[in-house]
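Undergrad: Pasting the sequence and the predicted model now:
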Amino acid sequence: MEISRRSFLRVAGSIGVSAMIPSALTKVAMAQKEQEENIKLGTGIGFPIPKAALSDPLGLITRAQWTQNMGSKFSFSLGRIHVADMTLYAVNNLNPPFVPDKPTSTRECFSLVFNGPPSPNLGQGTFAVQHPKLGSFNLFIVPGIKSGFYRHYEANINRVFP
C-alpha cells in the first residue's frame, strides 16, 4: 500500500493535535480546581476584600438607615469644592430572590435615587457626601433622567457576597 505525502501529513497532523488535547484539558481542569480552592466565602469571588473597603463608613450604612433618611438633604463635593445639595428621593430594594429580606441585614443590594438641581449637570463619578445623621463617605453616582426642576442621580449598593 502506497501512502501519499498528503495523506501522511493529514494523519500525522491529526495524531499530533489529538495528543495535545488531553494535556490542555488537564491544565484547564487543574487551574479551575486551584482557583476554586482559593475562593473563600465572604471574600468576594476569589479576591480578598481590601481592608479599606471594610472600614469605609458607607459599608456600615444599611438600607433601613437610608430609608429612614429619605427626603433629607445630602451635600455632594468634588475634591474640596461643594457642587450640589441633593435630596434622597427613593431607596429601591434590588435583592435577588435567594437573599432574605431583613431590614438590618448587611447582606443586601439596593439603589439610591437622589434629586439634584438641573444644573450643573454632574457627570458619572465618585463624590464626597456629607449628611448630618449618616456622616461622611464617598459615593459613586450616575446621572439619570431630567424631570421638571430636578435631575435624578442613582447609586447602587451591592453587598451580596458569595
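TA: Looks like it came in fine.
Undergrad: CA only for contacts and neighbour counts going forward, please
TA: Will do.
Undergrad: Which residues are in contact with G123?
TA: V142, P143 (Cα atoms under 8 Å, 6 or more residues apart in numbering).
Undergrad: Against G116, how distant is it?
TA: 12 Å (Cα to Cα, to the nearest Å).
Undergrad: Do a quick rundown of the helices in this protein.
TA: For the chain, the helices defined by DSSP state H occupy 5-38, 51-54, 63-68.
Undergrad: Could you tell me the least trusted of the ones you listed?
TA: Lowest mean pLDDT of the helices of the chain: helix 5-38, a mean of 58.
Undergrad: Domain map for this protein?
TA: 1-38, 52-158 (automatic domain parsing).
Undergrad: Where among those is average confidence lowest?
TA: Among the domains of the chain, domain 1-38 scores lowest, at a mean of 60.
Undergrad: re the thing from before, out of the domains of the chain, indicate the one that is most buried.
TA: Highest mean neighbour count among the domains of the chain (mean count of other Cα atoms under 10 Å): domain 52-158, with a mean of 16.
Undergrad: And the strands in this structure?
TA: For the chain, the strands defined by DSSP state E cover 73-78, 81-93, 109-116, 125-131, 135-147, 150-158.
Undergrad: Redo those as CSV? Include distance to A64.
TA: CSV is the format used below for the strands of the chain (distance: least, Cα to Cα, whole Å):
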stretch, distance to A64
strand 73-78, 17
strand 81-93, 9
strand 109-116, 10
strand 125-131, 16
strand 135-147, 15
strand 150-158, 13
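Undergrad: and of the ones you listed, who's closest to D56?
TA: Closest approach to D56 among the strands of the chain is made by strand 135-147 (7.4 Å; Cα to Cα).
Undergrad: what lines up beside that closest one in the sheet?
TA: Strand pairing for strand 135-147, determined by DSSP bridges: strand 125-131 (antiparallel), strand 150-158 (antiparallel).
Undergrad: relative to strand 109-116, how tilted is it?
TA: Using axes from the mean of the first three to the mean of the last three Cα atoms, to 10 degrees, one finds that strand 135-147 and strand 109-116 are set 70 degrees apart in direction.
Undergrad: what does strand 135-147 rub up against?
TA: 56-58, 118, 121-130, 151-156.
Undergrad: Output stretch 122-138 as CSV, restricted to C-alpha atoms.
TA: Provided in CSV are the C-alpha atoms of stretch 122-138 (Å, rounded to 0.1, in the frame of the first residue of the first chain):
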residue,chain,number,x,y,z
LEU,A,122,-22.8,66.3,37.5
GLY,A,123,-21.1,63.6,35.5
GLN,A,124,-20.7,60.0,36.5
GLY,A,125,-18.1,59.7,39.2
THR,A,126,-17.2,59.4,42.9
PHE,A,127,-18.2,62.3,45.1
ALA,A,128,-17.6,63.1,48.8
VAL,A,129,-21.0,63.1,50.5
GLN,A,130,-21.9,64.6,53.9
HIS,A,131,-25.1,64.0,55.9
PRO,A,132,-25.9,65.1,59.4
LYS,A,133,-27.0,61.6,60.6
LEU,A,134,-25.1,59.3,58.2
GLY,A,135,-21.8,61.1,58.3
SER,A,136,-19.2,61.5,55.6
PHE,A,137,-18.4,58.9,52.9
ASN,A,138,-17.6,58.6,49.2
